[in-house]
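Undergrad: I'd like to go over a predicted model; first the sequence, then the structure.
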Amino acid sequence: MAIGVLFFLSVFAGFLCADSEYIAYNTSQRIVPGKINVHLVPHTHDDVGWLKTVDQYYVGSNNSIQVACVQNVLDSLIPALLADKNRKFIYVEQAFFQRWWRDQSEAVQSIVKQLISSGQLELINGGMCMHDEATTHYIDMIDQTTLGHRFIKQEFGVTPRIGWQIDPFGHSAVQAYLLGAEVGFDSLFFARIDYQDRSKRSNEKSLEFVWQGSKTLGSSAQIFAGAFHAGNYEPPSGFYFEINDDSPIVQDDINLFDYNVQERVNDFVAAAIVQANKTRTNHIMWTMGTDFKYQYAHTWFRQMDKLIHYVNKDGRVNALYSTPSIYTDAKYATNESWPIKTDDFFPYADRANAYWTGYFTSRPAIKRYVRMLSGYYLAAKQLEFFVGRNNLGPKTDTLADALAIAQHHDAVTGTEKQHVANDYAKRLSMGYEEAKELVASSLACLANSKLITGCGKSTAKLEQCPLLNISYCPPSEADLSHGKSLVVIIYNSLGWKREDVVRIPVIGESITVKDSNGREIEFQLLPIVNTSVNIRNYHVKAYLGKYPSDTPKYWLAFSASVPALGFSTYIVSSAKRTGASSTISTPSSFGDENGTIEVGQGNLKLIYSIDEGKLTQYVNTRSLVKAPLEQSFSFYTGYNGTDKDPQASGAYVFRPNGTFPIKSNGQVPLTVFRGQLLDEVHQQVNQWIYQITRVYKGKEHAEVEFTVGPIPVDDGIGKEIVTQIKTTMKTNKTFYTDSNGRDFIRRIRDYRTDWDLQVNQPVAGNYYPINLGIYIQDNMTELSVLVDRSVGGSSIVDGEIELMLHRRLLHDDSRGVAESLDEKICLLDECRGLVIQGNYYLRIDPLGEGAKWRRSAGQEIYSPFLLAFTEQDGDNWIGSHPSSFSGMDPSYTLPDNVAMITLQEIESGKVLLRLAHLYEIGEDKDLSVMATVDLKKLFPDKKISKVTEMNLSANQERAEMEKKRLVWKVEDGPKQEPKVLRGEPIDPVKLVMQLGPMEIRTFIVDFDQNFLSQMHDL
């Protein structure tokens, strides 16, 4: 023992006497052929709101919830990169980066530009946020990406190369081909795929693949993609180096205790070999960072410097600072053949009984708010273009930023804390308020002037009604008995003429309605029922702080016809008596001798059973469809997570613990209101569910308006409310859901294309996100259901479609938000559960004929009429103002298979234009064909001087993007596929643009400023 102690003391003394030397770490290593190359990718994942608001995350406040400060990350990053030119870093979220950029001095900005130019700092993905892929609409995904990409191009002259969707909870086909390949990305990386899928892919070395997300565009829009092998975006275990992390550092000072260089090198090599065994080629990526890391960046880079230095001295593997761009180029250079992936990665489960399918519906009110404002933003940008952008305001910029942030994968998903959801809603409201001013002033300008450019002075103050859905619209509720008239300006943001029924609340019944030509038109008055009045009064007080002064008695309904990209004007005036062209609908619940009642004045008839109080049959006299049809409500009880399996149903996860039908509690089950324009069927399903089904004379679909809530939880059980639409169709487990409102993907119950599914959740595991619609079909007919927001849905039973409408849960599902999904609204210190009002639309067509309705009605749902109101004395508005307007040539409309999804002035004389083909190949026998658009007729009062085709996000010319596109080899060689139809380059003289099926083309159009000036002077 004494000898051992003596030896230890001698060694210890030797340590004390050793010379301490500065170590210059060699971090210059590049790729080494023949070795496993470990690409260290330093990154931070900064949620644009989740547990804290976006601003709290940026400045680092509210740290009692989470210690996170993005300012610190970016502040400490720059000197850390400057300390060693070999260090690299990637940054993603432009909502944060742009905040930080605006705060920097010119000197710091100059340094950052040099770091970006040299490739040390790479901006990837490049959108304002890392958007969700399940609950987002493709137009919103494009807009928020464009906002970030154009900033990056303007400030730094670079185009992001890589898609980096590392945290969204499942991944869409649209993300792959549209927001990936069509943006110009060379690759797309993500973390979250189903645990069963990941296990199989790990064993087969197929975690990296070539993804062909569009069956229409095929290999022309494919992208190299990779799912991280561990299912997260963090470093391997033991290699976390934030200042408070507990991973062992590399202690390489021999004068100090705990020297561990060889131990750490061994750990590194072992982890690298494990990953390399799941990966093709000799290149692997380590994601060195996670949520809000690098707040003190030097702690990470110091350890990575040491690891690179000592691992490469060891020589068994090669370590280097890298980025996803470098990694992608290295993979491409190997000339490897990759497996092909089609369709998408939904639904996602991270373990058994844990399907992340609840968030498809979570927070349905904010989902609707986002979707409503998305369509409003599209229209506002059009109007801003027609009158000319005013940099002094009002503008659409605030709404653009708010909508962009709302696409974040913890925003529109409903997976944020309640105070953060409130913050998103506040930002959206502020954006709407400014855009509302722009819309009002633009419409006033267009309605007051026949000039091609510029506006005459307008005295009209146009008002809008954001609470029209709850029958609150002060301008339409004005007393018109003293010679006043209500002017209703109706704007249509679609590229084709549109006819639809407008409904506004009014207080009296003695009125007339005149169209743009001054002719009286027929209208209908429908009583506003007590349920609607109660919702109106309560929520107006909650939102505006005051009760409404008057209560309207009726919904005024009239049919409006509005030109493409234009408006029509309608005049509502008082009359001595109700006009002969009107109908006051009175309630009725009487049926025929068979105990049934038929509703519908046009081709569509719905048959109801009086005794049972339910829908029984759907009849279309034009298409000769006659089919049994039922509709009902049920609820799933949320699993509480207190049993042996702790997984609860929550904001993310849908885990039902039984299903229960909802039946009427003895109230009058059925009340019918009939009229010249539409019939309504009212049903009080129970105390907290009310439903109105509308059948319009000129339409061949039914509109179902539901009011759900407050969901009762007095029994201590959370509930998830669904509606089922039931037919007798033989659907063979098959149904179809949209991908972000774009392509439809075939789903088969209890089946996955890529692996043999082990079914442990037969309901939740068959739920899919729906943004446009869902349909089923047999060999005779197809039933389509379209939605007004993102919802979850499925076909759990053959012949049925199920939509989840609302959720209220009492347990957290242990995915980080640490809060139950129990939304409430409070008034006078009293809080009650959230009430949701929404719509879905259904139609049955002969087989093969449903696509026309799905695509055209889908556009009308996304872009409803925009209404603006003003009051006038007398009846002289039509004589003194233009009664209608169209921004297009009056003789021209867009083809039925084309939509204008962007018309935005980006600077004087320059406009961003996007046109989208609405149909997939083979989707419709008439419309799945090449379409043409005449740009001269789109802009009849302007002279086009130049048209430049861009990539989807408008940050590079399309031709340059195609030149740079990487062509990846696939297993078994190129497969035979139908010829992809894409439009030819635009002839600069003819200016006629072509669009192939599912193609979206983006252009910057320059106008001749001299021509505009001359026209203005006329």
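TA: It's in.
Undergrad: all strands for the stretch 401-550 of the chain, in order.
TA: 484-492, 498-506, 511-514, 523-527 (DSSP state E, counting those that start in this stretch).
Undergrad: what comes up buried for the first one?
TA: So the one you mean is strand 484-492. Judged by neighbour count (16 or more other Cβ atoms under 10 Å), strand 484-492 contains these buried residues: Lys484, Ser485, Leu486, Val487, Val488, Ile489, Ile490, Tyr491, Asn492. The way it works is simple: take the backbone N, C-alpha and C, and place the C-beta from them, glycine included.
Undergrad: What residues does Phe385 make contact with?
TA: By Cβ atoms under 8 Å, 6 or more residues apart in numbering, the contact set of Phe385 is Gly887, Leu903, Gln904, Glu905, Val911.
Undergrad: 7 Å instead?
TA: Phe385 makes contact with Leu903, Gln904, Glu905, Val911 under the criterion Cβ atoms under 7 Å, 6 or more residues apart in numbering.
Undergrad: helix or strand for it, which one?
TA: According to DSSP states H and E, Phe385 maps onto helix 364-387.
Undergrad: got the angle between that helix and strand 484-492?
TA: Regarding helix 364-387 and strand 484-492, their directions subtend 90 degrees when assessed with axes from the mean of the first three to the mean of the last three Cα atoms, to 10 degrees.
Undergrad: And helix 364-387, how far out from the chain middle?
TA: 13 Å (Cα atoms, centre = their mean, to the nearest Å).
Undergrad: Poorly predicted segments of this structure, please.
TA: Within the chain, the ranges that satisfy pLDDT under 70 run 1-20, 449-459, 577-582, 589-593, 665-668, 875, 973-974, 1010-1018.
Undergrad: How is it partitioned into domains?
TA: According to the TED database, the chain comprises the domains 37-349, 363-438, 462-584+864-887, 631-847, 898-1014.
Undergrad: between these, which one is nearest to Gln29?
TA: Taking Cβ to Cβ, domain 37-349 is the member of the domains of the chain nearest to Gln29, at 4.7 Å.
Undergrad: and the domains of the chain as CSV, adding distance to Thr596?
TA: Below are the domains of the chain laid out as CSV (distance: least, Cβ to Cβ, whole Å):
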stretch, distance to Thr596
domain 37-349, 39
domain 363-438, 33
domain 462-584+864-887, 22
domain 631-847, 11
domain 898-1014, 34
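Undergrad: Of all these, which one comes closest to Gly602?
TA: Nearest to Gly602, of all these, is domain 631-847, at 4.2 Å by Cβ to Cβ.
Undergrad: Compute the first-to-last residue distance for that closest one.
TA: Domain 631-847 stretches 21 Å from its first residue to its last (Cα to Cα, to the nearest Å).
Undergrad: ok, now stretch 627-646?
TA: Start-to-end span of stretch 627-646 (Cα to Cα) is 44 Å.
Undergrad: Which residues does it contact?
TA: Residues contacting stretch 627-646 (Cβ under 7 Å, 6+ apart): 353, 614-618, 647-649, 655-662, 685, 689, 717-728, 781, 809, 811, 844.
Undergrad: Only the buried residues of that stretch, if you could.
TA: The neighbour-count check on stretch 627-646 (16+ other Cβ under 10 Å) flags 629-641 as buried.
Undergrad: which of these lies closest to Gly414?
TA: Distance to Gly414, by Cβ to Cβ, is smallest for Gly638 among the buried residues of stretch 627-646, at 14.6 Å.
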